[in-house]
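**Q** please work out how this folds:
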Amino acid sequence: QVQLVESGGGLVQAGGSLRLSCAASGRFFSSTTMGWFRQAPDKGREFLAAISWIGGSTYYGDSVKGRFTISRDNAKNTVYLQMNSLKPEDTAIYYCAVARFYRARRPADFGSWGQGTQVTVSS
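**A** Residues are numbered from 1 along each chain as shown. Below is the predicted model:
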């Protein structure tokens, strides 16, 4: 079982930036792909980005391409989400999760989830 803990959320003004972190522990395999999702009130969970643990290949959801960047630090078992040019519509709870396979995008294709971190963007 993998445990995931997100951090780095908070309140930021529109146009600002935040960097989210996701620390993984437990039964964690080096071949795991990790992803980020978000969920706004009354909406479904939206795929944002994912990164393979080996090689660092990445893929993104269309809504955040060019503004968000996913990265990882293998030595720290941590995945990051750098978010720039934030908009009020980016307000949501942000989650990291373990993918069941590379190129997964649907929430059902991800296993262990963190508890989430709130991001609020004011206008």
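**Q** where does pLDDT dip in the protein?
**A** Across the chain, the ranges flagged by pLDDT under 70 are 28-31.
**Q** strands of that one, residue ranges please.
**A** Ranges of strands within the chain are 2-7, 10-13, 18-26, 33-39, 46-52, 58-60, 68-73, 78-83, 92-99, 110-113, 117-122, based on DSSP state E.
**Q** using a markdown table, lay out these together with mean neighbour count.
**A** C-beta: built from backbone N, CA, C; applies to glycine. Formatted as a markdown table, the strands of the chain follow (neighbours: other CB atoms under 10 Å):
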| stretch | mean neighbour count |
| --- | --- |
| strand 2-7 | 17 |
| strand 10-13 | 13 |
| strand 18-26 | 18 |
| strand 33-39 | 24 |
| strand 46-52 | 22 |
| strand 58-60 | 17 |
| strand 68-73 | 17 |
| strand 78-83 | 22 |
| strand 92-99 | 23 |
| strand 110-113 | 18 |
| strand 117-122 | 17 |
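**Q** contact partners for residue 96?
**A** Neighbour list for residue 96: 4, 6, 20, 22, 34-37, 79, 81, 113-114 [criterion: CB atoms under 8 Å, 6 or more residues apart in numbering].
**Q** repeat for residue 78
**A** Listed by CB under 8 Å, 6+ apart, the contact set of residue 78 reads 21-24, 72.
**Q** do the same with residue 69
**A** Here residue 69 is in contact with 49, 81-82, 84 (CB under 8 Å, 6+ apart).
**Q** so it versus residue 26, what's the distance?
**A** 26 Å (CB to CB, to the nearest Å).
**Q** likewise residue 82?
**A** Distance of residue 82 to residue 26, given as CB to CB: 25 Å.
**Q** residues in a beta bridge with the closest residue to residue 19 other than its chain neighbours, which ones?
**A** Excluding the flanking residues, the one nearest residue 19 by CB to CB, 6 or more residues apart in numbering is residue 82, at 5.0 Å. Counting by DSSP bridges, residue 82 forms beta bridges with residue 19, residue 69.
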